[in-house]
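**Student:** how does the following fold in three dimensions:
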Amino acid sequence: MLVNRRKIQIEWGDCDPGGIVYFPRYYEYCDACTLALFASVGLPKPQMLKKYGIAGIPMVEQHASFFEPAEHPDEIVIETKIAEWGRTSFQVHHKIFKSKSLLAEIHEKRVWVKRISGSRHQFKSHPIPATVKSRFDARRRSRKS
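**Tutor:** Got it, this is the predicted structure:
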């Protein structure tokens, strides 16, 4: 399974009054890491939207487990992978580390959507093209070489 790793420096503004990362910031980090994962296989978001005519890959479900806090000025590493492909949706799994300590795990369900004709704010799920899924397989194979 292809795993993308991204380092993030915790900034003062990421923290709550208790001095630890405010939990919604983790969701922002993970959203950026999901986009970085797609970019790592040659699908940066602007190109993906244009090439496949989609409105995006919105998150429709999430679950998080937090084990240890992070604080300023820690550096964390987020490992992101597609855990499972469905027909119109996919599961993303993020593991967040500080050194070798697992701080949190976040699971997302995202959907491949297009706009409903004539509407700016209504979307409909569509099948994820096999060419998109195959990019993740091809990248994994090339890393083993």
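**Student:** find the helix or strand that the nearest residue to E61 once chain neighbours are set aside is a member of.
**Tutor:** Closest residue to E61 apart from its sequence neighbours, by C-beta to C-beta, 6 or more residues apart in numbering: K109 at 3.9 Å. Glycine gets a C-beta too; all of them are placed from N, C-alpha and C. Per DSSP states H and E, K109 falls inside strand 101-111.
**Student:** what lines up beside the helix or strand K7 falls within in the sheet?
**Tutor:** If you go by DSSP H and E, K7 is part of strand 4-9. Looking at strand 4-9 with DSSP bridges, its partner strands are strand 75-85 (antiparallel).
**Student:** other residues contacting the strand it pairs with?
**Tutor:** 1-10, 29-30, 33-34, 36-37, 70, 90-98, 103, 107, 128, 133, 136 (C-beta atoms under 8 Å, 6 or more residues apart in numbering).
**Student:** secondary structure class for the residue lying farthest from the centre of the chain?
**Tutor:** Here the centre of the chain is the reference, and by C-alpha atoms, centre = their mean the most remote residue is G118, at 29.1 Å. Put simply, G118 is coil when judged by DSSP: H, G, I helix; E, B strand; the rest coil.
**Student:** quick check, pLDDT for it.
**Tutor:** On pLDDT, G118 comes in at 83.
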